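Structure here, sequence nowhere to be found:
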Ligand SMILES: C[S@@+](CC[C@H](N)C(=O)[O-])C[C@H]1O[C@@H](n2cnc3c(N)ncnc32)[C@H](O)[C@@H]1O
């Protein structure tokens, strides 16, 4: 099964169950992105749209764009963004081939997206986010973080034996992928809510 088909199937449940579990991480990510006062923001892997809605509330004059590979997730985010009164453009595309010009956005966020990718694809996605980001702009990356070692071990074992079910969803240290990317870490924080979230705030220091 392809990743878009998996998320097409998950969308109706995901949109109801997951966002309330991560409301603290969502508002923290929106805050970190907004600290750069962006006038153009992109969420890659926008899912049900709750984070883009939170970003839109903090930056009402910013142009908001959401990208996802799943059509059903884009439908869910359209409904969420309309409900919250956040105008946004939603585009179906792959994170590794973003259909935007270089330096088009002042802020980019990827919330629980990169940990879905196999390791060899992560640099491609980071390169694309870096490419569409303006110099000095911020990227906020949210990823899984299991602070409890027993839960982490159980998750990793489940993942190892059923990789097709979980795709590549597992905790990784994205600092390991930043060498020679032109991105520098501004902030690295862990939010102990639900399964745990690690938020990396990056800034583009080099083209
Ligand atoms: C775990 S969900 C996270 C959704 C949302 N950001 C959130 O935090 O709830 C991952 C999302 O990324 C999307 N996705 C997966 N692979 C993608 C890719 N290669 N390009 C764009 N979107 C992708 C999925 O369809 C799904 O909506």
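Nice, I can see it. Computed from a prediction, not measured in an experiment: that's the story for all the values here.

which helices and strands sit right next to the strand or helix carrying residue 72?
Using DSSP states H and E, residue 72 falls within helix 71-83. Applying 3 or more Cβ pairs under 8 Å, 6 or more residues apart in numbering; DSSP states H and E, one finds that helix 71-83 contacts helix 3-21, helix 50-58, strand 63-68, strand 88-92. Quick note: C-beta positions are derived from backbone N, CA and C, even for glycine.

Ok, which of the ones you listed comes nearest the ligand?
Ranking the helices and strands packed on helix 71-83 by proximity to the ligand (Cβ to the nearest ligand atom) places helix 3-21 first, at 3.3 Å.

So for that closest one, what gets flagged as buried?
4, 6-8, 10-11, 14-15, 19 (16 or more other Cβ atoms under 10 Å).

Minimum pLDDT in these, which residue is that?
Across the set of the buried residues of helix 3-21, residue 6 stands lowest in pLDDT, at 88.

can you tell me how far residue 132 sits from residue 107?
Distance from residue 132 to residue 107, counting by Cβ to Cβ, to the nearest Å: 11 Å.

Which neighbours do those two have in common?
residue 42 (Cβ atoms under 8 Å, 6 or more residues apart in numbering).

Those two: who's more crowded?
Remark: of residue 132 and residue 107, residue 107 carries more neighbours, 26 against 22, as counted by other Cβ atoms under 10 Å.

which residues touch that one?
So residue 107 contacts 33-34, 36, 38, 40-42, 55, 62, 133, 137-140 (Cβ under 8 Å, 6+ apart).

for residue 4, same thing?
69-71.

how about the residues of the protein near the ligand?
3, 7, 18, 45-48, 51, 67-70, 73, 94-95, 111-113, 116 (Cβ under 6 Å from any ligand atom).

most neighbours, which of the contacts of residue 4?
residue 70 (24 neighbours).

Is it correct that that residue is in contact with residue 11?
Yes. The pair residue 70 / residue 11 is scored as a contact, 6.4 Å apart, by Cβ atoms under 8 Å.

Just give the number of residues close to the residue in the chain that the ligand sits nearest to.
Proximity to the ligand, evaluated over the chain using Cβ to the nearest ligand atom, is greatest for residue 47 at 2.3 Å. The tally of other residues near residue 47 (other Cβ under 10 Å) stands at 26.

try residue 182
Neighbours of residue 182 using other Cβ under 10 Å come to 17.

Can you report phi and psi for it?
phi 80, psi 10 (degrees, to the nearest 10).

Understood, closing this out.
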